[in-house]
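Novice: based on what follows, work out the 3D shape:
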Amino acid sequence: MPALERVTVTLPADLVHDIDRQATNRSRFVAEAIRRELDRLRREALHLSLANPHPETAGAAAHGLQDWVDGLPEEDVEALLNTAQGRPLRWVEGQGWIEEPA
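Specialist: Sure, this is the predicted structure:
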């Protein structure tokens, strides 16, 4: 069980009332809601990062994964990647990653 820490949070009374109508354990409800929101924010940040890569990484992205794989020793490719999985992608400046036709 993860370590617990007590915090004080001030919420509008109507929101607390709505939480209590939906859940028997207010703390668990709030913790799960916060966890979902943090996951959503991480996904949003990742999508933003993929859509607008740092200029120093845009060049590397242009080379693509296949170039990187081609430069690895065969035993490393098999250990690190299952190249049969996933979808072929290509970096397009201004558009981000787009799926390559099969």
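
Novice: just the strands from this structure, written as ranges.
Specialist: 89-92, 96-99 (DSSP state E).

Novice: nearest to residue 50, of the ones you listed?
Specialist: Of all the strands of the chain, strand 96-99 sits nearest to residue 50, with 5.7 Å by Cβ to Cβ. Glycine gets a C-beta too; all of them are placed from N, C-alpha and C.

Novice: pLDDT weak spots in this protein?
Specialist: Counting by pLDDT under 70, the chain contains low-confidence ranges at 56-66, 77-78, 81-83, 102.

Novice: okay, helices next: where are they in it?
Specialist: Taking DSSP state H as the criterion, the chain contains helices spanning 13-22, 26-51, 55-70, 74-80.

Novice: relative to helix 13-22, how tilted is the second one?
Specialist: Here helix 26-51 runs at an angle of 100 degrees relative to helix 13-22 (axes from the mean of the first three to the mean of the last three Cα atoms, to 10 degrees).

Novice: which elements pack onto helix 26-51?
Specialist: helix 13-22, strand 96-99 (3 or more Cβ pairs under 8 Å, 6 or more residues apart in numbering; DSSP states H and E).

Novice: related to what we said a few turns ago, got the helices of the chain as CSV, with mean neighbour count columns?
Specialist: Output for these, formatted as CSV (neighbours: other Cβ atoms under 10 Å):
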stretch, mean neighbour count
helix 13-22, 10
helix 26-51, 11
helix 55-70, 12
helix 74-80, 10
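
Novice: okay if I get those helices as a markdown table plus distance to residue 86?
Specialist: What follows is those, written out as a markdown table (distance: least, Cβ to Cβ, whole Å):
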| stretch | distance to residue 86 |
| --- | --- |
| helix 13-22 | 39 |
| helix 26-51 | 15 |
| helix 55-70 | 9 |
| helix 74-80 | 13 |
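
Novice: so which of the helices and strands packed on helix 26-51 gets nearest residue 53?
Specialist: Comparing those by Cβ to Cβ, strand 96-99 comes nearest, at 7.9 Å.
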